[in-house]
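Enquirer: 3D model of this:
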Amino acid sequence: MSRRLGPRTLEQVAGAALIASIVLVAVALVVVFVASDASTSVLVLAVAATLGFVVGMFGLRRRATEQGVRPLLIASAMAMTATVVGTTVRISGVALGVPVAVITIVVIARSEWRLGDTGIFAILMGSAAGAAYLLAAALHPNTGSYGDQGAIALVSLGVALSSAAVALMHDLPRGARLLLATQCVLAAISTVALMGAMSGGIPLLVGLVAATLGGAGWICAGIHLWHNSPRTVVR
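Expert: Residues are numbered from 1 along each chain as shown. Here you go, the predicted structure:
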């Protein structure tokens, strides 16, 4: 006889996945600096980290709202499919994108955790854009594409929105919320400085500090999920 996982077990899995995602990102960075040619290893680590982070976000979403995840999952799956198909097959992007965009807007507008759901959606879309870029490069090697840059930008935006959403959750420890809020501020400063072509390594240093603080904040959030503190619904 099968047994369904209880809420406590699900949140423990989400907390462990969130912690694992940060560890995997750290390992990927070490591999980048140590190995001369480790693109495949970094890609595998990045995919696993993204999956773990999304699972962790769904666990945090469980804390933030009583709503189910099915509408968000359906909208995300449709958008991801449209992205991959629209990138690899020569068909009109408007025919695919407009209906999916309308559905996604409706789903997020009806959500009780709009900021967090937008972050999850952006991360999933970035993952789909990355997969579409790799598939298109394999099918059409001579076709130039900036899909990899778009994928990185979408995932980065999703992480930033997720950090802001989680930083506003009163159910989390104050230290975790402060770390994530500081990460958002420093990341914004670093991004603006880089877009303004600021010379020197100061923007990169600020970005590194933001990433470090954010990683610590996410680990604290994962530990909190694992311990399964009393739930507080955030409206």
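Enquirer: Could you list the low-confidence segments of the protein?
Expert: Along the chain, the parts satisfying pLDDT under 70 run over 1-8, 90, 92-94, 142-147, 196-200, 228-235.
Enquirer: Packing partners of the helix ranked longest in it?
Expert: Criterion DSSP state H: the longest helix present in the chain is helix 7-34. The contact analysis (3 or more CB pairs under 8 Å, 6 or more residues apart in numbering; DSSP states H and E) places helix 7-34 against helix 39-64, helix 202-227. Placement of C-beta: from N, CA and C, glycine included.
Enquirer: Report the angle between the first one and helix 202-227.
Expert: Just to be clear, that refers to helix 39-64. Relative orientation of helix 39-64 versus helix 202-227 (axes from the mean of the first three to the mean of the last three CA atoms, to 10 degrees): 50 degrees.
Enquirer: Pull the distance from whichever helix or strand comes after helix 39-64 to the chain's centre.
Expert: Sequence order places helix 70-88 as the next helix or strand after helix 39-64, per DSSP states H and E. With CA atoms, centre = their mean, to the nearest Å as the basis, helix 70-88 stands 15 Å off its chain's centre.
Enquirer: now do stretch 28-40
Expert: With CA atoms, centre = their mean, you get 21 Å for stretch 28-40.
Enquirer: can you give me the end-to-end distance of it?
Expert: 11 Å (CA to CA, to the nearest Å).
Enquirer: buried sites along that stretch?
Expert: 28, 38 (16 or more other CB atoms under 10 Å).
Enquirer: Now the phi/psi pair for L168, please.
Expert: phi -90, psi 0 (degrees, to the nearest 10).
Enquirer: want to try JSON lines for the helices and strands packed on helix 7-34, with distance to A164 as columns?
Expert: Listed next are the helices and strands packed on helix 7-34 as JSON lines, based on distance: least, CB to CB, whole Å:
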{"stretch": "helix 39-64", "distance to A164": "12"}
{"stretch": "helix 202-227", "distance to A164": "11"}
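Enquirer: picking that back up, in the longest helix of the chain, what counts as buried?
Expert: For helix 7-34, by 16+ other CB under 10 Å, it's 10-22, 24-25, 28.
Enquirer: Return the member of these nearest to L72.
Expert: Within the buried residues of helix 7-34, the smallest distance to L72 is 15.0 Å, found for A14 (CB to CB).
Enquirer: Name all residues that make contact with the spatially closest residue to that closest one that is not a sequence neighbour.
Expert: Computed as CB to CB, 6 or more residues apart in numbering, the closest residue to A14 that is not its neighbour in sequence is G59, at 2.2 Å. With contacts taken as CB atoms under 8 Å, 6 or more residues apart in numbering, G59 has the following neighbours: 10-11, 13-15, 17-18, 225.
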